[in-house]
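>>> just to be clear, the model below is a prediction. Sequence and coordinates:
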Amino acid sequence: MPGLRHALRGVGLALLLALPAAALAWLADVGAEGGTDDAVRVQVSAAGAVDGRLPFRSTGEGAITARVAFTLPEGDGDRWVLWLSRDALDEVRAWAPGWAPPAQHFHAAPDDAFPAGYAFPLPAEWRGAHVVQLSLAGGVRAAPRPRIISDRTMLRIVARDRAIASAIYAAMLTLAIAALALYAAVRDRAFLWFALYACTGLLLAAAMNGHLVAVLPRSLLAAAGAGGFWATMLVFAGVGVRTVLRYAVAGESEALGAWRLLPWAYVAAAVVALLAPHAWAAWIGWLASLGWIAAVSGSFVLVYAAARRGVSMAVAMLLLLGLVGFAGGAHELMQSGRLPDNAWTRYGYQCALVLFSVVLYVGLCSRVGAVRQRLDDEAQARRASEQRLRREQVRGDLASQLQAALRDTDDGAVASTAFGLLADAAQRLLGCGSAAVLVEAYLGDPGLRLHGTDPASAVGRSAMAERGGIREAALAGTPVVLRLGDGARGGDGAGADHVVVPLAARAGGWGALVVRLPLQCVPDQAELAALDGIARLVVLHAQEAHAAAQLRRTAELDSLTCTLNRHSLDRVAADAFAARQGTASPLSVLFIDLDWFKPINDTHGHACGDHCLRVVAQALCGQLRPGDVVGRYGGEEFLVLLPGSDAAAARVLAERLRRTIEGLSIEWEGRRIRVTASFGLAGMREQDTGLASLLARADKALYQAKREGRNCVRAASAYAE
């Protein structure tokens, strides 16, 4: 049933277009014939004349000479005209004794731009019987019929032909302009082909009606001759087939097959028609006619296939193609003298072409929706591709930044560095909003921390105020969009949408990327997946950096006291000495050795001695300033580096450390262990050529403190080297 309704709509549209046009053509034809008083019976005598018509095939036949006899009525005030319809004749000449008007040519208009025929006004004084000699030199197949009509009838014929031709030209030009406008809008080349089709159709109609002389120079048209006429027809046929092909197949595809080559075959035939000698005019004419028949037949096959597929307007186009073929055949028969010369046979095929072109244009316009959809799909695919590229770019940049930033980052700075980069990458990926990372018991830090933003920012306030809901979303393990308030007095009571992306965490901890979204920013599933992907990437890098930092820390620390070991102390001390050598910045070192430590081990055991070392190390770390460095130099001996402290300041600090150790209360198995320490101090001097000399002076000061009774501080500057 849908197919039947589609076919009926096509038939209805074809009839709706064809019937009014046929009625107008019939009325124009009847109105132009005039009554019996407007025409004079003529007798045409010539070799090959049939029913008053002078048929010929081409220029090669030479000129045809005919004798036209007629009798003009007496006492009539009308002006009489020898009239021939405007066939493609190279020359039309008429003469009689005492009367020889100028010859007329198809490629030379008389006084107006749209001539309708060849008119030779007879002398006003002529009445009664007369004989006129007529000479015709043909350009293409034609069968002109000489007529003697009144000037009133001639004016009606001229008005009719001019109106029909003007309507045809206006219709084709309008269709061409409309097609170009649609091409500019949707960029579908089918409309570009249709515009070319309409322009070549306009050119063909102007050439066949003899009006092309109003546009092109006479010399060019005369040089082309019949070949130019046939070439125009072949080019139009080729472009027409190509346009119908674009309509029927709906674009370029392998399904076109050999049909692709058909338009180029027509172009090649048109070139041959232009370059062929005039002697070949008859053969070229038959070739053009066969090409026209092939174009109509091929178009019929294509449109029939389109109709079977349910393509819009295909049924109406089939009917109108049949009308085009019928009208074209009638025109050929008229040109051969087998049908009468009237508006139907002369202009019917041009009117049918206009109707077909209108329906073809409507059929192509029905593709605008499909073209729009295709363009929208292409634009959407392009946007999706650009978004994927942007997401991959953000991910790649983030990976590079993480590798560079976390390579040698301290354990305590891993989280802030990594999650700060994550917040920035999330904002760049979405192109909107503000981001923060909220974590608790994460990467060895037991507290609740906010990274990547100021806690006073909108996203920071929302994250801290709604941390319970964010924690639940994070533990759910799936990115979600939540409505959260801003957590500030006087803030927006309605809150704002936030993306919450969980961060993988070990048992007991949790973390989430939180992105505050503006109203116009609505992430899709692909963007949520991309946020989840970069969050996993950051967590992976952060965990690896945290593990690497712990490994470095383990390698640098003494396992017993958790201070720097001997190797690390040597490296840090060498760097500190080199950085201050040749400058005015001071550097001091302290050697600390626990007094009477061997008896503690011998009396209470090595476990007690280890416990004492740990307590002393914690006490030392608690008294040092930021930037000071302490480490276990060996056994019960510690080394303290004091960058920025001269010997005097170092002595004050050393005394404080000595009193701190002396005041320690170390309990071991119910007993109180008393511990004291001796200090050797040395400040960096210009005479020190290396770190070894500085340490040697501090070591001598330490031994001096041992000799002077222990539990005291001695400075190297007080003793000879």
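Structure's in. What do you need? Every value quoted in this text rests on a predicted model; they were computed, and no experiment measured them.
>>> okay, now residue 65: neighbour count?
Here the number of neighbours of residue 65 (other Cβ atoms under 10 Å) works out to 14. All C-beta spots, glycine's among them, are computed from the backbone N, C-alpha and C.
>>> name the nearest residue to it, ignoring sequence neighbours.
Sequence neighbours aside, residue 135 is the residue nearest to residue 65 in space, at 5.2 Å (criterion: Cβ to Cβ, 6 or more residues apart in numbering).
>>> the one you found: which element?
Under the criterion of DSSP states H and E, residue 135 resides in strand 128-138.
>>> helices and strands around that strand, which ones?
Judged by 3 or more Cβ pairs under 8 Å, 6 or more residues apart in numbering; DSSP states H and E, strand 128-138 is in contact with strand 64-72, strand 89-95.
>>> got the angle for that strand vs strand 89-95?
Interaxial angle, strand 128-138 versus strand 89-95 (axes from the mean of the first three to the mean of the last three Cα atoms, to 10 degrees): 160 degrees.
>>> the helix or strand that comes right after strand 128-138 pairs with which strands?
Sequence-wise, the next helix or strand downstream of strand 128-138 (DSSP H and E) is strand 147-150. Sheet pairing of strand 147-150 (DSSP bridges) gives strand 39-40 (antiparallel), strand 80-85 (antiparallel).
>>> of those, flag the one that's most buried.
The highest mean neighbour count among the strands paired with strand 147-150, using mean count of other Cβ atoms under 10 Å, belongs to strand 80-85: a mean of 22.
>>> for that strand, give me every contacting residue.
Contact with strand 80-85 is made by 40, 68, 72, 92, 94, 116-122, 126, 132, 134, 144-151, 154, 157, 341, 346, as judged by Cβ atoms under 8 Å, 6 or more residues apart in numbering.
>>> of those, buried ones?
Using 16 or more other Cβ atoms under 10 Å as the burial test, these include 40, 68, 92, 94, 116-120, 122, 126, 132, 134, 144-151, 154, 157, 341, 346 as buried.
>>> returning to that earlier point: do you know which of the strands paired with strand 147-150 lies nearest residue 54?
strand 80-85 (9.1 Å; Cβ to Cβ).
>>> quick one: the closest one to strand 64-72, angle?
140 degrees.
>>> model confidence over the helix ranked longest in the chain, on average?
Scanning the chain for the longest helix, with DSSP state H as the assignment, gives helix 368-405. Throughout helix 368-405, pLDDT has a mean value of 84.
>>> buried residues in that helix?
Under the neighbour-count criterion of 16+ other Cβ under 10 Å, helix 368-405 has 371, 387, 391, 394, 395, 398, 399, 401, 402, 405 buried.
>>> ok, now stretch 421-441?
If you call a residue buried by 16+ other Cβ under 10 Å, then stretch 421-441 has these buried ones: 421-430, 433-441.
>>> show me the chain divided up by domain.
Using automatic domain parsing, the domain parsing of the chain gives 400-555, 557-718.
>>> other SSEs contacting the host helix or strand of residue 699?
Per DSSP H and E: residue 699 is located in helix 691-707. With contacts taken as 3+ Cβ pairs under 8 Å, 6+ apart, helix 691-707 sits against helix 566-580, strand 587-594, strand 677-683, strand 713-715.
>>> quick one: which of those is nearest residue 640?
Closest to residue 640 of the helices and strands packed on helix 691-707 is strand 587-594 (Cβ to Cβ; 4.0 Å).
>>> could you point out which element follows the closest one?
Criterion used, DSSP H and E; the element after strand 587-594 is helix 597-604.
>>> report the buried residues of the helix or strand just after that next one.
Going down the chain from helix 597-604, the next helix or strand is helix 606-623, by DSSP H and E. Neighbour counts over helix 606-623 (16+ other Cβ under 10 Å) mark 608, 609, 611, 612, 613, 615, 616, 617, 619, 620 as buried.
>>> show me what helix 606-623 is packed up against.
Looks like helix 606-623 contacts strand 587-594, helix 597-604, strand 629-634, strand 637-643, helix 647-662, strand 666-668 (3+ Cβ pairs under 8 Å, 6+ apart).
>>> quick one on the thing from earlier: the strand holding residue 135 pairs with which strands?
Here, using DSSP bridges, strand 128-138 pairs with strand 64-72 (antiparallel), strand 89-95 (antiparallel).
>>> out of those strands, which comes closest to residue 359?
Residue 359 lies closest to strand 89-95 among the strands paired with strand 128-138, at 34.1 Å (Cβ to Cβ).
>>> how about the host helix or strand of residue 354 as PDB, C-alpha atoms only?
Assigned by DSSP H and E, residue 354 belongs to helix 343-365. Listed next in PDB are the C-alpha coordinates belonging to helix 343-365 (Å, rounded to 0.1, in the frame of the first residue of the first chain):
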ATOM      1  CA  ALA A 343       2.900  24.900 -31.100                       C
ATOM      2  CA  TRP A 344       2.500  21.300 -30.000                       C
ATOM      3  CA  THR A 345       5.100  19.900 -32.400                       C
ATOM      4  CA  ARG A 346       7.500  22.800 -32.300                       C
ATOM      5  CA  TYR A 347       7.600  23.600 -28.500                       C
ATOM      6  CA  GLY A 348       6.000  20.600 -26.900                       C
ATOM      7  CA  TYR A 349       9.300  18.800 -26.200                       C
ATOM      8  CA  GLN A 350      10.800  22.000 -24.600                       C
ATOM      9  CA  CYS A 351       7.700  22.400 -22.400                       C
ATOM     10  CA  ALA A 352       8.000  18.700 -21.500                       C
ATOM     11  CA  LEU A 353      11.700  19.200 -20.600                       C
ATOM     12  CA  VAL A 354      10.800  22.100 -18.300                       C
ATOM     13  CA  LEU A 355       8.100  20.000 -16.500                       C
ATOM     14  CA  PHE A 356      10.600  17.100 -16.200                       C
ATOM     15  CA  SER A 357      13.200  19.500 -14.900                       C
ATOM     16  CA  VAL A 358      10.800  20.900 -12.300                       C
ATOM     17  CA  VAL A 359      10.000  17.400 -11.000                       C
ATOM     18  CA  LEU A 360      13.700  16.400 -11.100                       C
ATOM     19  CA  TYR A 361      14.500  19.500  -9.000                       C
ATOM     20  CA  VAL A 362      11.800  18.600  -6.500                       C
ATOM     21  CA  GLY A 363      13.100  15.100  -6.400                       C
ATOM     22  CA  LEU A 364      16.600  16.300  -5.700                       C
ATOM     23  CA  CYS A 365      15.200  18.700  -3.000                       C
END
